[in-house]
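Q: what shape does this take:
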Amino acid sequence: MESALGVRASGTFALNIAQPNVLVGLIVGGSVVFLFSSLLIMAVGRAAQRVVLEVRMQFRTHPGIMTYQEKPDYSRVVDIVTADSLRELVTPGLLAVLAPIAIGFTFVYAPLGSYLAGAITVGVLMAIFLANSGGAWDNAKKLVEDGNHGGKGSAAHEATVIGDTVGDPFKDTAGPAINPLIKVMNLVLAADRHLGGEVQLQHRPAGRISGARRGDHHRRGRRHLQAAVAKHGRGGAGQPGQRHCRRDGGRRAGGRKTQPWSRRTEPRASRRTGTSRRVNRPPPRRLTPIPATD
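A: Model prediction:
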């Protein structure tokens with residue numbers, strides 16, 4: 001990450017969950033996995049409901065299907081499943097692509113890293129849970145259908161049929177789909193590596209300074225103050241220490257006259273004629289210390 005951000009962010013990248021924005025990114029990353037899984041499970045339910053309605057319609061319009069006198073229209077069911085598989089994946093796909101971009105532009109690069117960490121951690125655990133639970137419910141129905149616990153037609157078989165209805169989208173849809181979810185989010189972050197670095201660092205508010213940079217500012221200011229004290233002194237005997245400076249260009253503390261301003265001239269090339277012309281510039285202002293009042 002530091003290599004992608006450049007020299008300006010070298011040695012400053014850290015993920016501290018004690019910071020509110022980093023903690024928010026971690027929570028959002030874990031929540032995206034649950035939202036993604038729920039969207040896929042509901043998509044499977046809607047597609048299955050459309051298939052059920054199509055099958056009922058064919059049984060109603062073609063009664064000979066039940067007596068094997070007519071052949072059902074399989075192409076209609078294939079068209080429904082194919083169209084729904086493409087249409088229902090639009091929302092989960094946009095979630096996987098746009099969520100990292102939104103987090104990066106909203107919370108800068110540190111919450112973006114914690115978002116990815118939360119999504120990977122929760123995604124791995126969620127995928128294992130969905131695969132194991134869905135497979136257990138599916139195999140429970142097969143176990144009852146083999147004659148155990150009352151066999152087909154029993155209350156146990158009815159319960160396992162309901163469990164298999166939920167287990168199939170768990171182990172066949174939502175669980176395996178978390179793997180491409182993590183891959184897509186990593187690809188988006190790799191493609192937009194300057195999202196949290198160059199863009200955000202350039203537009204970072206001036207008031208938000210890290211602890212290391214704040215310490216540098218304090219040390220630099222302390223060095224300037226020590227240099228000024230060494231140059232002008234802290235006052236003579238009986239005179240309090242000089243703590244402030246003023247741009248008066250007049251007398252220093254102690255009655256000594258300062259150097260008056262003199263307008264300095266220096267040559268400068270003219271833009272139109274290319275000849276040298278003299279431009280009057282005032283000298284830089286000098287900071288003169290004044291004694292501190294009691």
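Q: what's the burial count for Glu54?
A: Glu54 has 17 neighbouring residues, counting by other CB atoms under 10 Å. Every C-beta, even on glycine, is put in place using the N, C-alpha and C of the backbone.
Q: for it, helix, strand, or coil?
A: helix (DSSP: H, G, I helix; E, B strand; the rest coil).
Q: I'd say it and Val78 touch.
A: No. With contact taken as CB atoms under 8 Å, Glu54 and Val78 are classed as non-touching, separated by 10.4 Å.
Q: quick one: the helices in the chain?
A: In the chain, helices defined by DSSP state H lie at 2-5, 20-61, 74-87, 90-107, 109-145, 155-169, 175-191, 200-202, 211-232, listed in chain order.
Q: between those helices, which one is nearest to Tyr68?
A: helix 20-61 (12.9 Å; CB to CB).
Q: let me know the average pLDDT across that closest one.
A: For helix 20-61, mean pLDDT is 94.
Q: please apply the same query to stretch 86-104.
A: Stretch 86-104 comes out at a mean pLDDT of 92.
Q: same thing with stretch 222-240?
A: According to the model, stretch 222-240 has a mean pLDDT of 62.
Q: for the residue nearest to Ala131 when sequence neighbours are not counted, give its distance to Thr165.
A: Nearest in space to Ala131, with sequence neighbours left out and distances taken as CB to CB, 6 or more residues apart in numbering, is Gly175 at 4.2 Å. Applying CB to CB, to the nearest Å, the value for Gly175 to Thr165 is 16 Å.
Q: between those two, which has more neighbouring residues?
A: Gly175 (22 against 15).
Q: tell me the pLDDT at the more buried one?
A: 93.
Q: do I have it right that it meets Ala127?
A: Yes. In this structure, Gly175 is within contact of Ala127 by CB under 8 Å, at 5.1 Å.
Q: residues near Val81, how many?
A: 14.
Q: ok, it to Leu39 distance?
A: 18 Å.
Q: what do you get for Pro63?
A: To Leu39, Pro63 is 38 Å away according to CB to CB.
Q: the two: which is more packed in?
A: For Pro63 versus Leu39, the count of surrounding residues by other CB under 10 Å is larger for Leu39: 17 against 11.
Q: so what's the more buried one up against?
A: Applying CB atoms under 8 Å, 6 or more residues apart in numbering to Leu39 gives the contacts 91-92, 95.
Q: how about these in CSV, adding neighbour count and distance to Gly150?
A: Output for the contacts of Leu39, formatted as CSV (neighbours: other CB atoms under 10 Å; distance: CB to CB, whole Å):
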residue, neighbour count, distance to Gly150
Thr91, 15, 41
Pro92, 21, 39
Leu95, 16, 43
